[in-house]
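Student: Sequence and predicted structure are below.
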Amino acid sequence: MGTQKIAITMPKDLVTTINEISKQKGLSRSKFISAVLKEKIISEKKKQIRDAYDRIFSDESIQKEQLNWTRWFEEADAEEGQEW
């Protein structure tokens, strides 16, 4: 994985806080900012997936389909494959 240098503008108080925390953690400012952004991006991706599932499963036709399949499996009453 390569790296790329970028320039960003942010409030001075935020830079001061970043400097303090990265120093406490023994990280360079760049590594600290990268780690924080990576955590945020992972969190955002998970939220997007959750939101997509919520949208899909809030659809009444999909809810009915899921319920029908569940009932079908329950009525099948097969012992095999139900070990769990």
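Tutor: Sure thing, it's come through. Here the structure is a predicted model, which is why all the values come from computation and not from measurement.

Student: What about Met10? Give its phi and psi, please.
Tutor: phi -150, psi 160 (degrees, to the nearest 10).

Student: let me fix that: Arg55
Tutor: phi -60, psi -50.

Student: Please report how far it lies from Ile49.
Tutor: Note on Arg55: its distance to Ile49, by C-beta to C-beta, to the nearest Å, is 11 Å. The way it works is simple: take the backbone N, C-alpha and C, and place the C-beta from them, glycine included.

Student: Quick check: which ranges of the chain have low pLDDT?
Tutor: Across the chain, residues meeting the criterion (pLDDT under 70) sit at 77-84.

Student: which residues does Glu20 contact?
Tutor: By C-beta atoms under 8 Å, 6 or more residues apart in numbering, the contact list for Glu20 is empty.

Student: so which strand or helix has it?
Tutor: Element membership for Glu20 (DSSP states H and E) is helix 12-25.

Student: Put the alpha carbons of that helix into CSV.
Tutor: Taking only C-alpha atoms (Å, rounded to 0.1, in the frame of the first residue of the first chain), the coordinates of helix 12-25 have been written out as CSV:
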residue,chain,number,x,y,z
LYS,A,12,-5.6,25.5,15.0
ASP,A,13,-7.2,24.1,18.2
LEU,A,14,-7.8,20.8,16.4
VAL,A,15,-4.2,20.7,15.2
THR,A,16,-3.1,21.4,18.8
THR,A,17,-5.3,18.5,20.1
ILE,A,18,-4.0,16.2,17.4
ASN,A,19,-0.4,17.0,18.3
GLU,A,20,-1.0,16.4,22.0
ILE,A,21,-2.7,13.1,21.5
SER,A,22,-0.3,11.8,18.9
LYS,A,23,2.6,12.7,21.1
GLN,A,24,1.0,10.9,24.1
LYS,A,25,0.5,7.8,21.9
